[in-house]
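K.L.:
next one to model:
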Amino acid sequence: MTAALPLLVALAAGLGAWLSARAVWRRRDVKRWPQAEAVVTASEVVAVRTQGARREHQESPPRYQARIAVTLRVEGRDYHTDNARFDAPPLFARRERAEAYLADYPQGRRLTLRYRPDDPRCAQFGEAAIPWQRLGLSGFLALMALLALFVSFR
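P.N.:
Residues are numbered from 1 along each chain as shown. Purely as a prediction, here's the structure:
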């Protein structure tokens with residue numbers, strides 16, 4: 001069983017590296033996506049529970065998602081979407097910060113968003129930047145997978 005452990009680690013790390021790299025790869029063409037005007041139809045702060053350290057069965061404090069819903073007009077057709085379709089809505093440790101973020105997105109505000117040409121409901125909110133942290137995570141996990149494979153075949 002212990003001989004299989006490095007292979008399991010390699011498999012898990014390799015899968016994690018692939019999933020993380022896939023998310024980075026999805027972002028590569030965002031700056032080339034077409035743009036369209038959108039109108040904010042709703043915004044809300046949602047408390048979510050995150051997985052945290054489970055010391056003594058304590059629950060982690062909630063985090064607050066800033067969700068924004070819009071109607072996007074593409075080629076004469078309206079699409080209803082939100083900021084969770086492409087990227088996750090931003091998370092905040094304090095409700096006040098999430099509310100301050102949403103203050104910039106009142107109902108009726110007009111925005112210019114980039115949307116995926118084959119599915120306009122997948123829209124990019126904010127800057128289309130390369131997620132360097134996720135790219136670093138991909139590299140780290142790939143390295144761990146290679147090291148675990150090396151150990152398993154030694």
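
K.L.:
which stretches of this protein form strands?
P.N.:
35-48, 63-74, 77-82, 91-92, 110-116, 119-124 (DSSP state E).

K.L.:
the longest helix in the protein is where?
P.N.:
The single longest helix within the chain, with elements called by DSSP state H, is helix 4-26.

K.L.:
pLDDT (mean, whole number) over it?
P.N.:
What helix 4-26 shows for mean pLDDT is 85.

K.L.:
relative to strand 110-116, how tilted is that helix?
P.N.:
Following axes from the mean of the first three to the mean of the last three Cα atoms, to 10 degrees, one obtains 130 degrees for the angle between helix 4-26 and strand 110-116.

K.L.:
centre of the chain to helix 4-26, how far?
P.N.:
Helix 4-26 sits 17 Å away from the centroid of its parent chain (Cα atoms, centre = their mean, to the nearest Å).

K.L.:
got the angle for it vs strand 119-124?
P.N.:
100 degrees.

K.L.:
other residues contacting helix 4-26?
P.N.:
With Cβ atoms under 8 Å, 6 or more residues apart in numbering as the test, helix 4-26 has contacts from 86, 130-131, 134-135, 137-139, 141-142, 144-146, 148-149, 151-152. All C-beta spots, glycine's among them, are computed from the backbone N, C-alpha and C.

K.L.:
buried subset of these as a PyMOL selection?
P.N.:
Only the buried entries of the contacts of helix 4-26 go into this PyMOL selection, using 16 or more other Cβ atoms under 10 Å:
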select buried, resi 86+134+137+138+141+142+144+145+148+149
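
K.L.:
so where's this protein shaky on pLDDT?
P.N.:
In the predicted model, the chain carries pLDDT under 70 at residues 1-3, 50-58, 127-131.
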